[in-house]
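>>> Sequence and predicted model, in that order:
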Amino acid sequence: MKKTVFFFIVVVTLLLSVSFVSASQKNYEPDFDDEDVKVISLDDIKRGTMAHELIINQSSQQHNYLNDYGATLRYLGSGRLDALGYTRTGQNVDTISTTVYLQQYDESRRVWVSIHTISNTLNNAGYSQVTRSYSVPVGARYRLQVIHEATVGGQIERISTYSSVANTY
């Protein structure tokens, strides 16, 4: 009886091992067509092209200190916007700052205009964040421009990012 149970356990273990190995070696193809992919340029973003669930490579430039940064703007309805900008380094730096510009698109001049600014600058830190809620007039488009900056020994690293556009129509 003990030999039968032992044999059964060995067989089940081998079968499970084979099934896990074969499952991990399958080539999984993504389930979408090329028509589902929309590529837009940075110029499109600056002009206010909608970017729903769009991942943008924020910079191909290599930085010594800035290694994570972003900008998010959410429209909550009834003229309420939530804004977030953050800057992260891999270590504490002399100064780290995040400056958020809420911008509204001027349809007549076809330009983005900064309407609110808020910033956070810290010394001897590795993370800076700005969060803010805004009440804005409905019927316009808004976005964030965020300046991320780190300073070490007089050397300044700076990058600018943009959030997706929030339509309040």
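All right, it came through fine. Numbers count the residues shown, from 1 in each chain.

>>> which residues of the chain fall in strands?
Ranges of strands in the chain, per DSSP state E, are 66-77, 80-106, 111-135, 141-152, 155-162, 166-167.

>>> Would you tell me which one of the ones you listed is buried the most?
Comparing the strands of the chain by mean neighbour count (mean count of other CB atoms under 10 Å), strand 141-152 ranks first with a mean of 22. To be clear about C-beta, it is placed using only N, CA and C from the backbone, and glycine gets the same treatment.

>>> That one pairs with which strands?
Sheet pairing of strand 141-152 (DSSP bridges) gives strand 80-106 (antiparallel), strand 155-162 (antiparallel), strand 166-167 (antiparallel).

>>> Check what contacts the shortest one and list those residues.
Okay, so that is strand 166-167. Identification of contacts with strand 166-167 by CB atoms under 8 Å, 6 or more residues apart in numbering yields Met50, Leu73, Arg74, Tyr75, Leu81, Arg141, Tyr142, Arg143.

>>> if you set the cut-off to 10 Å instead, what comes out?
Around strand 166-167, the neighbours that count as contacts under CB atoms under 10 Å, 6 or more residues apart in numbering are 48, 50, 73-76, 81-83, 102, 105, 136, 138-144.

>>> if we can go back for a sec, pipe the strands paired with strand 141-152 into JSON lines and attach mean pLDDT and distance to Thr131 per row.
Conversion of the strands paired with strand 141-152 to JSON lines gives the following (pLDDT from 0 to 100; distance: least, CB to CB, whole Å):
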{"stretch": "strand 80-106", "mean pLDDT": "96", "distance to Thr131": "5"}
{"stretch": "strand 155-162", "mean pLDDT": "95", "distance to Thr131": "16"}
{"stretch": "strand 166-167", "mean pLDDT": "94", "distance to Thr131": "15"}
